[in-house]
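J.: I need the structure of the sequence given here:
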Amino acid sequence: MILSTEQLDALRELAASRHVSGDVALRARIVLWSGEGRRRKDIAELAGVSPVTVDRCKARYAAHGLAGLAEKRRGGPRDQVPPRTRGRVIALTKMSPPADSGLTHWSTRTLSSYLRRREGITVSWHYIARVWREENLKPNRSGASKV
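T.: Numbering: from 1, shown residues only. Below is the predicted model:
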């Protein structure tokens, strides 16, 4: 990898900077050592990483420049279930299932299936079980069986 004087100066500055994370500085050193003509195996040993990591750093720098050395954004947190859906789960749990279903009480799986089919709300039965635990709901122990 052949680097210009400006690129070498920018990489040296980035590698020595106190204002970037250690990972970014390490990637800058890897590219800098590569630009100095060191072998991939030697760079990996100096940096304490695998040779594949050296290749990855060089490829990211070649594709994106200094911006390629920055941290990649990871995936964000999963979407949370809206409060309206939680309220609907609680309301349906306290009601008897539809008469045409032949059920006397809800189970987590039947409630999940019902919500998906009839109301277009997709929640897992695990989520319903967690809501029931948090709200201390026990539809199968509601006293007399419902008919």
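J.: contacts and neighbour counts: CA atoms only from here.
T.: Will do.
J.: output the below-cut-off pLDDT ranges for this protein.
T.: Scanning the chain for pLDDT under 70 picks out 142-147.
J.: spatially central residue in this protein, please.
T.: Gly75 (4.2 Å; CA atoms, centre = their mean).
J.: now do it against Ala67, distance only.
T.: Distance, Gly75 to Ala67, by CA to CA, to the nearest Å: 19 Å.
J.: can you count the residues close to Ile43?
T.: Ile43 has 21 neighbours, counted by other CA atoms under 10 Å.
J.: for it, what are phi and psi?
T.: phi -60, psi -40 (degrees, to the nearest 10).
J.: residues near Ile121, how many?
T.: 16.
J.: for this protein, what spans make up the helices?
T.: 5-16, 22-35, 40-47, 51-64, 83-94, 108-114, 125-135 (DSSP state H).
J.: and the ones you listed as TSV, adding distance to Glu71?
T.: Converted to TSV, those look like this (distance: least, CA to CA, whole Å):
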stretch	distance to Glu71
helix 5-16	14
helix 22-35	7
helix 40-47	17
helix 51-64	11
helix 83-94	34
helix 108-114	39
helix 125-135	33
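J.: highest average neighbour count across those?
T.: Across the helices of the chain, averaging neighbours per residue (mean count of other CA atoms under 10 Å) puts helix 22-35 on top, at a mean of 21.
J.: so how far is that one off the chain centroid?
T.: Remark: helix 22-35 is offset 27 Å from the chain centroid, using CA atoms, centre = their mean, to the nearest Å.
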